[in-house]
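# give me the fold of what follows.
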Amino acid sequence: NAPEAIFVQTNGCFAYVNPAALRLFGVDSASQLIGQPVMERFHPDFRDIVRERIHLLNDMCEEVPNIEEIYLRLDGTPFNVEVSAVPITYDGLNGSLVFFRDITERKQVERALIRAKMVSDEANRSKTEFLANTSHELKTPLNSIIGFSELMLAGELGNISEQQKKYIGTILESGYLLLNIINRILDISSINYGRMDLSYVKFNLCDAIQDTCAMMQAAANRKSIELIVDIDPQINEINADIIKFKEVVYNLVDNSVKFTPYGGFVIITATQNESHVKISVADNGIGIAKENIERIFDPFYQVDSSTTRRYSGTGLGLALINQLVKMHGGNIWVESEPGKGSTFTFTIPIDYGEQQIRMLQVSEH
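Okay, the predicted model is just below:
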């Protein structure tokens, strides 16, 4: 009366079948199976494996943990099962006690999920390819807009008035902003396609951070924000992609300056342990609500549309930072509280490229 389907086999034939097993096999009476070869109820793809396993069970050699197979009903209809078996002696003969359950519905759900994931992955690939192609198409006319704006501001195309300079300056600034957005889309597309490589070089981490912060000093001054850099003097050189490293630091500092009110502060710190460096960018800005922190690194995710309108942004910067840090073998996270500011921290190995080479050498040997 067990709800689980059970049968006993001896000498490769059914010796006992419980009611639950009869129902799954589509059989009215046990007499239709008793004495019949169990192999007939297995899908042909599994018969060689099952034949060997029955031999081992009959020799009382081993138990069979939960495995998945395909059985056949009496009318030949296949159904998926999860099976376990133990060797036993039944009516004086060595055999096996087999427990099985119908998992056809579960397998159908699994296959549906796999198909859905494949469709989703293909949609993502198409979306990424569309964004990349569109971005390339946008860059051509944009480069002309930026180029001619620069020539006009420089007076290369004739004298212009102060009011014209102001308007052209606005065009140029907007052009650079749009170019930055397009470049971020292209970078994310390249990473998703696996087309972005890191160029490892050894460089002084302190100099790299100082250079990057110097580029943000003017923006910080416009809002009377104090930009503080505190780097552990013990840190010397690290081996990483210096351009991508500076891009990560620049984007984090840029975000902090953008979301910090007038008269606030942004603190950049760097420390080192045996294998990693840790860089933090802290501010006393508007902060991030707890429910938004988990998605803050998702592409195109905006914490709040009203915040976006006030401060501008596409939601690409943090997604790109996250990808670049992970490509270096590092991690990034954020601690924040609304109204009290945020601290973004990332770690990268001091010499990730060398670690990868050593791992490759070990695997080859």
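# when you work out contacts or count neighbours from here on, use the C-alpha atoms and nothing else.
Fine.
# by mean pLDDT, which helix or strand of this structure comes out lowest?
When the helices and strands of the chain are compared on mean pLDDT, DSSP states H and E, helix 305-311 comes out lowest with a mean of 49.
# for the helix or strand that that one is followed by, buried residues please.
Later in the chain than helix 305-311, the nearest helix or strand by DSSP states H and E is helix 317-327. Of the residues in helix 317-327, 317-325, 327 count as buried by neighbour count, 16 or more other Cα atoms under 10 Å.
# mind listing the helices for the stretch 151-300 of the chain?
162-192, 205-222, 242-258, 290-293 (DSSP state H, counting those that start in this stretch).
# of those, which is nearest residue 350?
helix 205-222 (9.9 Å; Cα to Cα).
# state the mean pLDDT of that closest one.
Mean pLDDT, helix 205-222: 89.
# what sits up against stretch 115-122?
Applying Cα atoms under 8 Å, 6 or more residues apart in numbering, stretch 115-122 has no contact partners.
# next one: it to chain centre, how far?
15 Å (Cα atoms, centre = their mean, to the nearest Å).
# and for stretch 40-56?
Relative to where its chain is centred, stretch 40-56 has its mean C-alpha point 40 Å off (Cα atoms, centre = their mean).
# one more: stretch 86-102?
Centroid separation between stretch 86-102 and its chain, computed with Cα atoms, centre = their mean, is 46 Å.
# what about it, start to end distance?
Taking Cα to Cα, to the nearest Å, stretch 86-102 runs 19 Å from one end to the other.
# against which helices or strands is the helix or strand that residue 23 is a member of packed?
For residue 23, the host element (DSSP H and E) is helix 19-25. Packed against helix 19-25 by the contact rule (3 or more Cα pairs under 8 Å, 6 or more residues apart in numbering; DSSP states H and E) you find strand 5-10.
# what residues of the strand it packs on count as buried?
So for strand 5-10, counting by 16+ other Cα under 10 Å, buried means 5-10.
# mind putting the residues you listed into a markdown table with pLDDT?
Conversion of the buried residues of strand 5-10 to a markdown table gives the following (pLDDT from 0 to 100):
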| residue | pLDDT |
| --- | --- |
| 5 | 93 |
| 6 | 94 |
| 7 | 94 |
| 8 | 94 |
| 9 | 91 |
| 10 | 91 |
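# and those residues, which two are the farthest apart?
It's 5 and 10 that sit farthest apart of the buried residues of strand 5-10, by Cα to Cα, at 17.1 Å.
# excluding chain neighbours, what is closest to residue 220?
Spatial nearest neighbour of residue 220, chain neighbours left out: residue 257 (6.2 Å); criterion: Cα to Cα, 6 or more residues apart in numbering.
# what's the distance between the residue nearest to the spatial centre of the chain and residue 292?
Closest to where the C-alpha atoms of the chain average out (Cα atoms, centre = their mean) is residue 323, at 8.8 Å. Note on residue 323: its distance to residue 292, by Cα to Cα, is 19 Å.
# ok, residue 76 next?
From residue 76 to residue 292 the distance is 53 Å (Cα to Cα).
# what about stretch 35-45, start to end distance?
Span of stretch 35-45 from end to end, Cα to Cα: 23 Å.
# mean confidence for that stretch?
Rounded mean pLDDT across stretch 35-45 is 90.
# report the distance from it to the chain centre.
For stretch 35-45, the distance to the chain centre is 44 Å (Cα atoms, centre = their mean).
# any buried residues in it, and which?
35, 37-39, 41-43.
# next: stretch 274-287.
276-287.
# I'm done for today, thanks for sticking with me.
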